[in-house]
Structure formats: structure tokens, C-alpha cells
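[1] Build the 3D model from these lines:
(2 chains)
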Amino acid sequence: MLKLDILLSAVANGLMTGAVYALIALGLTLVYGVLHIINFANGAMLTTAMYGVLLAHSVAGIDPYVAVFFLTPLFFAFGYAIQRWVIGPASHGDDNNILLVTLGLAIILENALLAIFHSDTRSIDVPYGFSVIEVGTLLLSVPRLIAFAAALAVALLLALVLTGTDTGKAIRAVAKEKTGAMLAGIDVEHIYAVTFGIGAACLAIAACLLMPTFVVNPRTGNAFVLVAFTIVVLGGMGSIAGALVGGLIIGVVESLSGLAFGESLGQIGIFLLFIVVLLVRPTGLFGAKA
Amino acid sequence: MNTTGIFPISAVVFVLAALPFGPLSNTMLNFLSFAMIITLAAQGWNILAGLGGQFSFGHAAFFGTGAYAMAVLQMRFGINPWLAFPIAMIAAGAVGFAIGFLSFRARLRGSYFALVTLAFAEVFRILANTWNFTGGAAGVLVPLKSDPTQMQFGDKRWFFWLALACVTGALFVTHALVRSRLGAHLVAVRENEDAARALGVDALAVKLQAITLSASITGAAGCLYVQKFLYLDANLAYGTWISVEALLAPIVGGLGTVLGPLVGTLVLLGLGETSKTVFAKITGGAVPGIDLVVLGVLLIGCVAIAPRGIMGLVRRRAKA
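    Reported below is the predicted structural model:
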């Protein structure tokens, strides 16, 4: 039953990668749901966060799982500032402008990283990088298992924040009816920036979870851009549950199509799925009818 | 709308055409030739996005198809480049029509359209990178034959003039399009698709014509690229760099204006080269990517301060 083993381990690996994908897509879908903008800088911001983890580890010797506690607030502030003082004012509320401003941000971040760190691919060495545990016949990588659990926890936490707290309610109010929320006394610009900040914070967490097993170069984030968009579209723009399920599906699809067509064609499965979903059901699996 | 007449267009073309007669260094001539290729790609993008309001993030799909068709037709089928050129443009136009048909029929617009074009370009990139027919990851090499009948010129000025001729052609096509019925329909669809449709404009047909024309012009840029560098691989042909260049130039130059893509490309590439040189002087060595950082800042600045681009500033100054 060797074939079944390979298949099972491909699915398990896909699920674990998919959870981190989901985390990256979570920020994107939240920002889309509230601000109705597509953040093209999502990938570049992830790369920036990954370099943050790298720096913390190589300069100060901080473990990625510790770095998460200061990188996450830092990135929240970064995201808040960027939305409040760059994207908001620069785009004059026009959708195409927002696309272009976030594209500009992506170009700046990616190339600033290239200018500082050059194009070398780097990784960090952690003692648990290659440790595995046996589950039945499967060998599961410990850091990826941690990433899986943490990503699910963050999604749950985010859902709780959105339903349970005042800020969360304000975010949902702005997402539903911007003008109404403004009339009810909600500072819409502030809520926009908070939402963008949460999106950036999700990326910081994802970066900390990724770094123990991934490598980084200035263009790493690009690989995640379309994957994250695919998840968001698949799950339905703005749906948190959708992002989670979409992420897991995409992880498995990538892993299985890699198994079927070989590594170099593995990602094509994702893009084809993306195109088909956009063309056939652009509202996604969980999205409301537009 | 835009009112650039035949006269200013011709004046700009004459000045550019006269440049190689002056004391122009080889570097400068190469720069200008490359700028013409990018301009042509940007002119294609400008027709679809500037006039039609459909922002594609994947014009690399058309640039790459034109480039690969040009290279493969010569290498595998021994077709003369002068004949391969129009065939490659048709191939790029066909890809444009197909992508447009699929996405416009599914009523994708705005960011959804941008995303789907990006995904198409990526699919093409991965396919071209793995398929042996296109040379796979090793790419295609077109042999050097300095012979005008092979569209390769010993005197580099001729390549510049050829590229300039293509750009000029696209300038006049855009000029005519702005004044045509199709151009008016395109602008109507851009401003309010539902209203345009209510007035009897066949929005799908209008957008399809625009994307086909747009794709074949950007495809022509791909053909010129192959003839200039005589080498092509999947990342050059279908990489995001060309999609970004093709959209940056018209936005900086002036979205939907006839001269915008040309002005934008010259300014962008000029600024990029200048900032590379300046930063290399300051830091005492080449700083990779610094030119693109400057361009990114410029893009955001343009969107924030000068949404009508350089041509908009020129026009405002002219009126004041």
C-alpha cells in the first residue's frame, strides 16, 4: 500500500501548508471584505515580515516563535500607518487607484529588500527545523504541524474578535454599510486602518510560522500572492471561514497536482483552479451573491 | 477627452527620428530602442485600460505570446521574421480575444479582471518554462544574422527607426481610435457600463475589439524584443516585469492620452537609469532594485497628486 501512503502524506502536507496559506489569505480577505480593496502589497509585506524574522534570528538570536510576540504588534502598526497615511489619502477613494497604490507599495517593498539584502536566498537554522513525529505510517514535520495548529487558532481568534469585541462590531458595521456606520459615530478611516493593520499582523504571524521550514528571498512573497488571491476568491471575498477552507483546499490541490505533474507544474493546478472559479463562480464557495 | 492633434504627434516623432543623426552614444541608442519597445507594449495596455477602463495586470500574456511566436516561427519553421512579425501579432491578438472572451463574458471587471489576467500570464509562464516546443527553461536563441532581410541590422540606428515606426503606427491608431465610434463606445463603457448598455452599446463586443487590438500591439512589442536581444525565456516573455512596465508608463504619462505611454516610458526609464547611476555613485557600487523603488514612489505620487499624469500637467499648464 505504498501508493496510498504517498497519497496520504501528500494530503497531510498539503493541509499543513494550506493552513499557512489560509493565514496569509485571512488578512487579504478581511481587508477586501471591509475596504473592498485588493491589497497587491500582501506578498511583499509577507516577504518583509519574513526578513524581519530572519533579522531577529541572525542579529539578536531570537527564535521565530518568540519573534511572533513583537513582530505582530509591529506589523499591526505598520499596516495601520500605511492604510491611514498612504493608501487612503493617495487613492482618493477610487478602486483602480487603490490597485495601483498597493502595486506601487509592492514594488517599493520588494526592491527595497533587494537593495538591502540582495537577491540571495536565505534561511534560518533552528534545532527543531527537521524534527518529525510519527502518526500511524505518516511522518509529520513538527514546525509545520505547529504552523497548522497556530493558523487555525489565529483564524478562530479573529472570528471571536470580529463577533465579540466593540472594534470587531465596528469593523463589521463598516463592512456592511459605510455611510450608516459613519452616521452612528464610527470613525471609518480609523476602522479601515485597524482592519489593514490586522491583515498585516496576520502576515507577521504567518512569516514567523513559515521561516523555520521555508527559505526567503526578496521575491518569495510573489509566489504567495496569487495563491492567496485564489484562496480568497475560492472561499468568497470577505469570508473568514471561506479563507480557512479555501486555504486547506488549495494546499491539498497544490500538493496533489505536484505529485501528479511534477514540482514545476504543481502551481499550475492552483492558477487553473483560480481562473475556473473566477469564470464560473466569482462569488466563491462561501461568498454572498454580489 | 483627449485632443492631441496630428501636429504635436508628428512633431514628437520627427524629433525622435532625428536623434540618431546627432552625436548619440551606443548606450543612448540602445536605451532609446529599448524605450520604444516598452512604449509599444504600454500603448497596447493604454488602449484597453486608458480608453476602455479595463485594468489588465497580465499584459505579459500578450507580450510573451508575440515574442514566442516570433522566435519559434523563425527557429522551428524557418519563417522570415518580416512575415513572422504580422503572424505573431495575430497570435497575440488571438490570445487577447480568448482571454477577453472568457473573462468579459463572465462579467469580470475591476480587480477581478486584473487578477484573472495576472493568473493567465502566470499559467503561460509556467507552460513556456516546461514545454520543450518553446525551449523550456533554457529558452530560445535566435542566431545572429546581421542582414536587413532577417530584421537584424548592422547599423543599430535602423533597429531604432523600425521600433519608432511601430510606435508611430500605434500613435496614429490610438489617435484614430479616440475619434472613432469604437473609441466613443469604449469611453462610454469605461465611464458607466450599464448606462452604455442601456443606450444600445454592445459592451462585450466593444471590449473584445479593444482587448484584441491591445493584445496585438503589445504582442508586436514582444516581436521587437526578440529581434533586439535575440534571446527569450519564460521569465522575460511572461514575467510580471513587462505587465508592470506596460501599465506604469501610461499612468505616469497620462492614462488614455495618445502621447501618454511614450512620454511616460521615456520619463520612467530615464529616471530609473538616473537613479541607478546616482545611487551607485553615492554608495560606491551598484544597488540592485533601487531604480524600481524610485519608480514605485513615482507611481504612488502620480496617483496621489497627478491622476492625469504628465500629459495632464502639460495640458493644465497650457490652459493656464
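[2] Can you pull out the low-pLDDT segments for the chain?
    Answering for chain A, as no chain was given. A:1-2, A:263-264, A:266, A:284-290 (pLDDT under 70).
[3] Let me rephrase: I mean chain B.
    For chain B (pLDDT under 70), the answer is B:1-4, B:319-320.
[4] Would you map the helices across it?
    Secondary structure of chain B (DSSP state H): helices at B:6-18, B:26-45, B:60-77, B:81-105, B:110-130, B:156-179, B:181-191, B:193-198, B:203-229, B:234-238, B:240-253, B:260-283, B:290-305, B:309-319.
[5] And for chain A?
    A:2-35, A:42-60, A:64-82, A:88-91, A:95-117, A:142-164, A:166-176, A:178-183, A:188-210, A:220-235, A:240-261, A:263-280.
[6] want to throw the helices of chain B into JSON lines with distance to chain A and mean neighbour count?
    Placement of C-beta: from N, CA and C, glycine included. Output for the helices of chain B, formatted as JSON lines (distance: least, C-beta to the nearest C-beta, whole Å; neighbours: other C-beta atoms under 10 Å in any protein chain shown):
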{"stretch": "helix B:6-18", "distance to chain A": "26", "mean neighbour count": "13"}
{"stretch": "helix B:26-45", "distance to chain A": "13", "mean neighbour count": "23"}
{"stretch": "helix B:60-77", "distance to chain A": "12", "mean neighbour count": "26"}
{"stretch": "helix B:81-105", "distance to chain A": "6", "mean neighbour count": "20"}
{"stretch": "helix B:110-130", "distance to chain A": "4", "mean neighbour count": "23"}
{"stretch": "helix B:156-179", "distance to chain A": "20", "mean neighbour count": "19"}
{"stretch": "helix B:181-191", "distance to chain A": "10", "mean neighbour count": "19"}
{"stretch": "helix B:193-198", "distance to chain A": "14", "mean neighbour count": "14"}
{"stretch": "helix B:203-229", "distance to chain A": "14", "mean neighbour count": "25"}
{"stretch": "helix B:234-238", "distance to chain A": "11", "mean neighbour count": "23"}
{"stretch": "helix B:240-253", "distance to chain A": "6", "mean neighbour count": "26"}
{"stretch": "helix B:260-283", "distance to chain A": "8", "mean neighbour count": "19"}
{"stretch": "helix B:290-305", "distance to chain A": "4", "mean neighbour count": "21"}
{"stretch": "helix B:309-319", "distance to chain A": "12", "mean neighbour count": "15"}
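[7] Nearest to A:Asp187, out of those?
    helix B:290-305 (22.0 Å; C-beta to C-beta).
[8] by contact count, what packs against the closest one?
    Contact here means 3 or more C-beta pairs under 8 Å, 6 or more residues apart in numbering or on different chains; DSSP states H and E; on that basis helix B:290-305 packs against helix A:88-91, helix A:95-117, helix B:240-253, helix B:260-283.
[9] Tell me the buried residues in the shortest one?
    Of the residues in helix A:88-91, those scored as buried under the neighbour-count criterion (16 or more other C-beta atoms under 10 Å in any protein chain shown) are A:88, A:90-91.
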